[in-house]
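# Need coordinates for the below:
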Amino acid sequence: MLYKIFSFLRGIGISQVAYAHCDIPCGIYKTEPMQTAAETVVRMVELMTNPVSVDNNDPQAVRNYHNAMARYIMVKEEHAQECKKQVLILWTDFFKHQDVDVIPNLHEKVWGIAKLCSRNKQEINMELAKELKKEVNEFAEIFEKVKAVR
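Predicted structure coming up:
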């Protein structure tokens, strides 16, 4: 009976595939992915704000410039989203209730980083990109301190 209900719901498009880091939980948590993602955001903003000069009389050069900018934007978007995903994985899967007692601003820290990820997707702003990298590195330090005592 339950199978029929789920089959019906899947058929009308209500069900969705869910993805997660690891719901076992595996116990493997690292800060490197979020730090690399934040650093990539900084690098893409750097490339977008300091572009090479283009000969506007050369159609191929103009196309190449626009192609490069589109790719920089795409990579910036992807890595800002990946950064948010990795921060949220640590927040929801690694940190425990007792950690909030020791790190009272943990929720605000994560919320702020998530908002910075979103703002970095919305804007091309080096100050925001560097702030994201700084906040992510601080969060990584918090994570490493907590991990060391477990």
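# if I read this right, residue 144 contacts residue 31, doesn't it?
Yes - using Cβ atoms under 8 Å, residue 144 is in contact with residue 31, at 7.0 Å. C-beta here means a position set from N, CA and C on the backbone, and glycine is covered the same way.
# Between those two, tell me which one has more neighbours.
residue 31 (19 against 10; other Cβ atoms under 10 Å).
# Run through this structure and note the low-pLDDT ranges.
1-25 (pLDDT under 70).
# one more time with 80
Filtered on pLDDT under 80, the chain yields the residue ranges 1-27, 51.
# Centre-most residue in the chain?
Nearest to the mean C-alpha position of the chain, by Cα atoms, centre = their mean, lies residue 83 at 1.9 Å.
# Spatially nearest residue to it (excluding sequence neighbours)?
Excluding the flanking residues, the one nearest residue 83 by Cβ to Cβ, 6 or more residues apart in numbering is residue 37, at 3.7 Å.
# longest single helix anywhere in this structure?
helix 59-89 (DSSP state H).
# What are the buried residues along it?
65, 72, 76, 79-80, 82-89 (16 or more other Cβ atoms under 10 Å).
# Does that helix pack against any helices or strands, and if so which?
When contacts are defined as 3 or more Cβ pairs under 8 Å, 6 or more residues apart in numbering; DSSP states H and E, helix 59-89 packs onto helix 32-49, helix 106-122, helix 126-148.
# Now distance to residue 56 too, for those, in TSV please.
Below are the helices and strands packed on helix 59-89 laid out as TSV (distance: least, Cβ to Cβ, whole Å):
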stretch	distance to residue 56
helix 32-49	18
helix 106-122	28
helix 126-148	25
